[in-house]
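>>> what's the 3D shape of this:
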Amino acid sequence: MELELSVGGRRRENYESFKERWTEGADVPNFVEIDHSNEASINRALTMKPWNLILHTAGPFQRVKEPRILKEALRLRLPYVDVCDDTDLC
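Next up, the predicted model:
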């Protein structure tokens, strides 16, 4: 089975730094621009291809009022995993 991995973030500069440090045997993950505080950005990223899984690791999560990526993943019926440290959102 072939695995295609993408990494999302707000700034390509951060991705470029990540890419330089990538040492795994697999291809470097693709970059997907996404701002977790902007609903249009989230929708664009989550609908750009047929994702098999959304893994959300951005943080910190304390006192987040709107779990926007979670809500959009649910709306689009996408499998979603979150590294969540805010018990109110768990």
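>>> Against Glu33, how distant is Arg10?
Distance, Arg10 to Glu33, using Cβ to Cβ, to the nearest Å: 7 Å. Yep, even glycine has a C-beta here, placed from its N, CA and C like the rest.
>>> Quick one: the strands in the protein, in order.
6-9, 30-33, 54-56, 80-82 (DSSP state E).
>>> right, and Thr57 touches Ile69 too?
No. At 10.6 Å, Thr57 does not count as touching Ile69 under the criterion of Cβ atoms under 8 Å.
>>> Same drill for those two, tell me which one is more crowded.
Taking other Cβ atoms under 10 Å, Thr57 and Ile69 do not tie; Ile69 has more neighbours (23 against 10).
>>> residues contacting the more buried one?
By Cβ atoms under 8 Å, 6 or more residues apart in numbering, the contact list for Ile69 reads 34, 36, 42, 46, 54, 56, 80, 82.
>>> run the last query once more with 10 Å
Residues near Ile69 by Cβ atoms under 10 Å, 6 or more residues apart in numbering: 8, 34, 36-37, 39, 41-42, 45-46, 54, 56, 58, 78, 80, 82.
>>> what do you get for Leu55?
For Leu55, the contact set (Cβ under 10 Å, 6+ apart) comprises 5, 7-8, 79-83.
>>> ok, 6 Å please
The contact partners of Leu55, by Cβ atoms under 6 Å, 6 or more residues apart in numbering, come to Val81.
>>> can you check the one 3 residues further on too?
Counting by Cβ under 6 Å, 6+ apart, Ala58 touches His36.
>>> Check what pLDDT it gets.
In this model, Ala58 is scored at 78, pLDDT.
>>> Residue numbering should commence at 596 henceforth.
Yep, numbering from 596; the last one is Ala653 now.
>>> Arg605 versus that one, what's the distance?
To Arg605, Ala653 is 9 Å away according to Cβ to Cβ.
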